[in-house]
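S.K.: Attaching a predicted model along with its sequence, questions to come.
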Amino acid sequence: MIRRPAVFFWLSLQLAITAAGVLGTMLSPALGVLAGLIFLPANFMVLRKAWQAREQIERNKPLADAIAVAGLALFLVLLLSASLMPALVALLLLATLAMNAQLNRWRKFYVAQLISFVLLLAGAGDATSGHYLWVMALYCLAAAFSLSEAWLDQGDIRSVGDRGERGESRAARQGPGAGARAVAGLLTMLVAFMIYVLMPRPDALNWGGQESSAGDFYHNEQWQQQGRDRHDNLQQKPQQEADFNPQRAQQKFQELTNLNSSGDGAYRYDGFGDQFDIRSSDRSGGVDLNAIVARLQAEQGAYLKIRTFDTFDGVSWSVSNADIARKLTTDRRGHASLNSSRDGAFQQVITIEQPMPAWLPAAADPVALWVPASAIALDMFAQPLLPGPLLPGTRYTVQSARELQDNRPLSRAPAADAADLQIPDDQDPRIKNLAMQVTKTGQNPYQKAQLLEQHLRTQYAYSFASITESQGQTPLAKFLFEDKQGHCEYFASAMTIMLRTLNIPARLVTGFSATTRNPLTGYFDIRAIDGHAWTEAWIDGRWVTFEPTAYYDLPPPDQGRFTAEQISRYAQDFIKRNQQGNADGEWTLTGLISALWLQIYTAVVLVLAGLQWLMITLLPLWVTALVVVAIAWLTRPYWQVHARAWLSNRRIQRYQPLHSRLALDFYLHHLQRMAEQRLPPRQLDELIEHWTAALQQQYGDHAEFQQLAAAVNRLVYQNDEVDVRELQQLVLQVSALLR
């Protein structure tokens with residue numbers, strides 16, 4: 001039976017932290033904090049009521065039943081207003097509260113501990129930010145206090161000897177102070193972090209679930225009606241309808257890309273509009289370049305396509321056919337099949353954090369979608385979009401066909417046509433000459449495209465600085481022959497046009513370079529600076545992805561098996577983006593904070609690089625150590641008792657007693673551990689005389705055993721003082737006999 005009220009306080013705090021963390025990740029941080037503030041006093045009052053009625057706990061059954069009924073009601077409310085997971089979490093929290101109303105046994109206490117840990121893991125699985133580490137740290141500290149109080153409470157019951165010995169040693173069982181318990185919690189976190197860093201991470205399991213949710217459902221009655229009469233041919237670019245109106249189509253596209261209602265703080269990248277000027281390097285709008293605009297949950301990074309452009313006038317890119325190819329309705333789960341003949345082997349779950357145009361970021365080629373919408377549409381390049389701009393909180397699932405060539409994504413989107421060979425009328429002839437010179441050793445279109453890509457990556461520098469147009473020159477010619485530096489739009493435009501001069505169909509694609517995995521959350525963080533442009537070339541009946549910008553790299557097939565390696569890569573990517581994002585040199589508060597973070601992340605990189613070296617270089621030693629630990633664990637019944645006895649003997653030898661009663665408690669504890677080499681553990685109701693008699697039977701009839709029993713009786717029952725030095729000498733003699 002639980003006797004210490006402090007157990008209930010720390011358990012209440014532990015459960016409140018869990019409630020705040022898990023509901024904060026699944027609903028909102030504000031609701032999570034509110035839930036924690038409500039759950040803390042409610043749980044404490046319920047547990048206090050259980051402690052007061054611990055002798056007749058059945059009196060609290062009506063209270064427990066009422067809490068359980070309230071939990072079922074809250075479950076139904078959240079199920080209808082939110083989703084299944086928050087509803088289950090709320091039900092489990094109130095079920096724990098109902099159980100706590102009748103908590104008087106340790107079995108129920110540890111069940112509550114287990115539930116809190118499971119809920120903590122549920123919140124960690126749903127967390128999209130490293131801020132959840134603070135919740136885990138607070139939980140670990142609260143658990144250190146909660147479990148230490150539980151150990152002390154049980155120690156009062158398991159205490160050595162009879163009732164008198166337990167009662168007199170109560171002061172010795174107040175336990176370690178707050179500082180020592182906090183240190184224990186911090187050490188636990190440190191050990192957990194080291195295990196997390198040094199152990200290889202297995203691939204994420206795909207249970208076959210698909211997520212889709214949003215604060216506002218995307219509904220368009222007209223799209224839904226038109227989607228009922230759909231066709232499934234994605235292999236050819238659809239033709240314009242007889243009554244096609246370019247102005248009307250352009251107006252519709254502008255409505256889908258218009259973010260004016262989102263205010264000045266919305267994320268804007270010109271490459272996601274219906275046309276864009278390659279001279280503009282702005283890809284943030286009203287947000288910081290390092291601000292997270294979306295998150296990707298997938299087994300590996302990807303280039304997420306958003307817009308495709310096929311028409312270039314020397315300055316700006318646009319589309320030759322700004323129309324919607326077809327519309328599809330979704331089922332009650334939000335599912336829409338784009339191409340039932342292909343397998344969607346690569347699943348992505350994408351969460352939108354900043355307002356964006358209606359086009360859904362997705363890896364090539366999407367074959368199935370789960371979206372919070374009644375209907376979707378496909379543009380003329382088979383890219384899916386919703387009936388309106390994407391809002392923060394929108395979450396959807398994409399399954400894409402995975403085809404690679406030399407780690408380059410391939411797409412079987414609509415085939416190339418005349419627009420994919422279009423060249424500006426005032427094209428500088430030097431561009432074609434350069435393309436022919438660079439590719440003169442290429443034997444086929446694929447090799448020529450590789451040579452162009454390699455030339456741009458090695459001979460030109462990446463820079464965010466805008467390049468202004470010189471009189472009589474197009475920006476592209478100035479980039480290739482004078483400045484030889486620019487942002488990704490210049491690189492992608494140059495490669496696309498140079499391929500076209502070689503009669504290789506090509507087009508420019510914009511989207512996100514989602515290649516930076518946050519090792520703490522498992523998500524790929526997509527920041528404003530990750531808005532990107534690259535090239536696709538039509539080769540051997542497929543669109544092949546090329547990355548001509550040296551600053552960016554296509555997603556590697558292996559992100560690293562060890563967490564330390566992933567953290568090191570994440571920190572390096574963060575530093576690189578931070579330096580590029582603050583290249584203008586302006587001194588701002590945000591810049592100063594970013595600089596501070598830069599220093600911290602630099603230190604992290606150095607530390608983790610050292611850990612990575614130790615991990616890889618000393619791998620045989622780590623394996624040997626693990627084998628030794630496993631063998632020791634399996635054989636512990638043969639050596640554990642003797643090891644504990646040896647440690648107890650050393651502690652007795654080093655102990656310097658100051659007070660006889662406190663010293664007696666210490667000495668008896670360790671003498672009993674030494675005696676367990678031959679005797680079973682001393683029972684709760686076993687008198688000191690019986691125990692010393694058993695010692696005499698095993699170790700011989702020595703007077704020291706009787707003297708020890710007499711000293712215990714004098715101190716505990718007769719309240720007589722025993723000289724500390726005499727007691728120490730006696731115990732040293734007894735320990736020598738027990739060795």
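M.R.: Good, I have the coordinates.
S.K.: How is the protein divided into domains?
M.R.: The chain is divided into the following domains under automatic domain parsing: 5-158, 636-738.
S.K.: could you dump those to TSV with mean neighbour count?
M.R.: Bear in mind the C-beta positions are built from the backbone N, C-alpha and C, glycine included. TSV is the format used below for the domains of the chain (neighbours: other C-beta atoms under 10 Å):
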stretch	mean neighbour count
domain 5-158	18
domain 636-738	16
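S.K.: all strands for the stretch 201-350 of the chain, in order.
M.R.: Using DSSP state E, counting those that start in this stretch, the strands found in the stretch 201-350 of the chain span residues 275-277, 292-297, 302-309, 311-312, 316-318, 324-329, 335-337, 346-352.
S.K.: Would you point out the helix or strand in this protein whose mean pLDDT is lowest?
M.R.: When each helix and strand of the chain is scored by mean pLDDT, DSSP states H and E, helix 163-168 comes last, with a mean of 41.
S.K.: So which elements touch the next helix or strand after that one?
M.R.: Using DSSP states H and E, the helix or strand that directly follows helix 163-168 along the chain is helix 178-198. Where contact means 3 or more C-beta pairs under 8 Å, 6 or more residues apart in numbering; DSSP states H and E, helix 178-198 is packed against helix 132-158, helix 563-581, helix 589-617.
S.K.: pLDDT of the first one, averaged?
M.R.: In this case it means helix 132-158. Averaged across helix 132-158, the pLDDT comes to 79.
S.K.: and if you look at the longest one?
M.R.: In this model, helix 589-617 carries a mean pLDDT of 64.
S.K.: which element follows that helix toward the C-terminus?
M.R.: Assigned by DSSP H and E, the successor of helix 589-617 is helix 619-634.
S.K.: Determine the angle, from 0 to 180 degrees, between whichever helix or strand comes after that following helix and helix 619-634.
M.R.: Using DSSP H and E, the helix or strand that follows helix 619-634 in sequence is helix 636-654. Going by axes from the mean of the first three to the mean of the last three C-alpha atoms, to 10 degrees, helix 636-654 is angled at 90 degrees with respect to helix 619-634.
S.K.: And the residue positioned nearest the centre of the chain, which helix or strand is it part of?
M.R.: Taking C-alpha atoms, centre = their mean, the centroid of the chain lies closest to Thr521, which sits 0.9 Å from it. Following DSSP H and E, one finds Thr521 outside all helices and strands.
S.K.: so who does it touch?
M.R.: For Thr521, the contact set (C-beta atoms under 8 Å, 6 or more residues apart in numbering) comprises Ala127, Thr128, Ser129, Gly130, Tyr132.
S.K.: With respect to Ser493, which of those is nearest?
M.R.: Nearest to Ser493 out of those is Thr128 (C-beta to C-beta; 34.0 Å).
S.K.: Look up phi and psi at the closest one.
M.R.: With angles defined as degrees, to the nearest 10, Thr128 sits at phi -110, psi 10.
S.K.: got a list of what it touches?
M.R.: The contact partners of Thr128, by C-beta under 8 Å, 6+ apart, come to Thr25, Arg295, Thr351, Thr521, Tyr523.
S.K.: still on that earlier bit, ok, so what distance separates the residue nearest to the centre of the chain from Phe491?
M.R.: 31 Å (C-beta to C-beta, to the nearest Å).
S.K.: what does Ser316 give?
M.R.: 16 Å.
S.K.: next one: Glu726
M.R.: Remark: distance between Glu726 and Phe491 (C-beta to C-beta) = 88 Å.
S.K.: and what of Arg636?
M.R.: 62 Å.
S.K.: And Val544, by the same measure?
M.R.: Distance, Val544 to Phe491, by C-beta to C-beta: 16 Å.
S.K.: just Gln14 next, same as before
M.R.: For Gln14, the distance to Phe491 equals 53 Å [C-beta to C-beta].
S.K.: cool, Leu152 as well?
M.R.: 66 Å.
S.K.: Check Val734 too.
M.R.: To Phe491, Val734 is 83 Å away according to C-beta to C-beta.
S.K.: what do you get for Tyr396?
M.R.: 30 Å.
S.K.: ok, and for stretch 180-187, which residues are buried?
M.R.: Arg181, Ala184, Gly185 (16 or more other C-beta atoms under 10 Å).
S.K.: Likewise for stretch 342-355?
M.R.: Arg342, Gly344, Phe346, Gln347, Gln348, Val349, Ile350, Thr351, Ile352, Glu353, Gln354, Pro355.
S.K.: Tell me the one among these nearest to Met45.
M.R.: Met45 has its nearest neighbour among these in Thr351, at 37.5 Å by C-beta to C-beta.
S.K.: Isn't that closest one up against Leu390?
M.R.: No. If you go by C-beta atoms under 8 Å, Thr351 and Leu390 don't touch, sitting 10.4 Å apart.
S.K.: what sits against Leu369?
M.R.: Going by C-beta under 8 Å, 6+ apart, Leu369 touches 330, 334-336, 338, 360, 362, 376, 384, 396-399.
S.K.: picking that back up, of the contacts of Thr128, closest to Val623?
M.R.: In terms of C-beta to C-beta, no member of those lies closer to Val623 than Thr521, at 29.3 Å.
S.K.: do you know how far the residue nearest to the centre of the chain is from Gln677?
M.R.: Note on Thr521: its distance to Gln677, by C-beta to C-beta, is 50 Å.
S.K.: before we move on, what about Phe217?
M.R.: 71 Å.
S.K.: for Ile38, same thing?
M.R.: Counting by C-beta to C-beta, the gap from Ile38 to Gln677 is 53 Å.
S.K.: just Val628 next, same as before
M.R.: Shown here: Val628 relative to Gln677, a distance of 24 Å by C-beta to C-beta.
S.K.: And Asn444, by the same measure?
M.R.: Going from Asn444 to Gln677 by C-beta to C-beta gives 80 Å.
S.K.: try Gln656
M.R.: Applying C-beta to C-beta, the value for Gln656 to Gln677 is 25 Å.
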